[in-house]
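Undergrad: here is my input; please provide its structure:
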Amino acid sequence: MFKGNLPELFLDADVAFDIISKREPHFRESVKLLELASLNKVKLAISESSLATLIYLSFEIYKLENASDKLYDFILACDILSGGRPVMLQAISSEFRDKDDALQYFTALNHGADYFITRNISDYKKSEKRLPVMTPAEFMSFFK
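TA: The predicted structure follows:
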């Protein structure tokens, strides 16, 4: 944890887009993370590169209604993390098959996130034990 005593959740772009677009059936579980953040029970983080993906998806691919407002609100709810050159090089040289996944993971790892939240657990088989990878539903099971 790098911000007080709250667990820091790094959101993969898939989870973030589920929230922004209200994409079902995933929205119901993913939005609970945003609700926890609003109650000051967790901190949310996302990478700059994921935000670029979210902007592209929201405006160019899915043409979401009120995309600007949705992205603005989401950005205000999250810490924005940059990887920089060291993370880029680490991602490229990693054993991750998908280098974009590697970029997200190593950004979270290098910033000290406590959990990496994604719907695609199988994409993170090369992850390290010090940064657990889980789905929104798996993380929410801590709060039941």
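Undergrad: give me the mean pLDDT for the helix or strand hosting residue 17.
TA: Secondary-structure assignment from DSSP states H and E places residue 17 in helix 13-21. Within the predicted structure, the mean pLDDT of helix 13-21 is 97.
Undergrad: and that helix, what does it pack against?
TA: With contacts defined as 3 or more C-beta pairs under 8 Å, 6 or more residues apart in numbering; DSSP states H and E, the packing partners of helix 13-21 are helix 27-38, helix 48-56, helix 67-77. For the C-beta atoms, the positions are set from N, CA and C on the backbone; glycine is no exception.
Undergrad: for the second one, packing partners?
TA: Using 3+ C-beta pairs under 8 Å, 6+ apart as the contact criterion, the neighbours of helix 48-56 among helices and strands are helix 13-21, helix 67-77, strand 78-81, helix 99-110.
Undergrad: now those as CSV including mean neighbour count and distance to residue 41?
TA: Conversion of the helices and strands packed on helix 48-56 to CSV gives the following (neighbours: other C-beta atoms under 10 Å; distance: least, C-beta to C-beta, whole Å):
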stretch, mean neighbour count, distance to residue 41
helix 13-21, 23, 16
helix 67-77, 14, 13
strand 78-81, 17, 15
helix 99-110, 22, 19
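Undergrad: can you list contacts of stretch 96-106?
TA: By C-beta atoms under 8 Å, 6 or more residues apart in numbering, the residues outside stretch 96-106 that reach it are 10, 12-13, 47, 49-50, 83, 87-88, 90-92, 94, 116, 120, 123-124, 126-127, 131, 133.
Undergrad: tell me what the one helix or strand residue 139 maps to is packed against?
TA: Residue 139 is part of helix 136-140 when elements are defined by DSSP H and E. With contacts taken as 3+ C-beta pairs under 8 Å, 6+ apart, helix 136-140 sits against helix 27-38, strand 115-117.
Undergrad: good, we can wrap up now.
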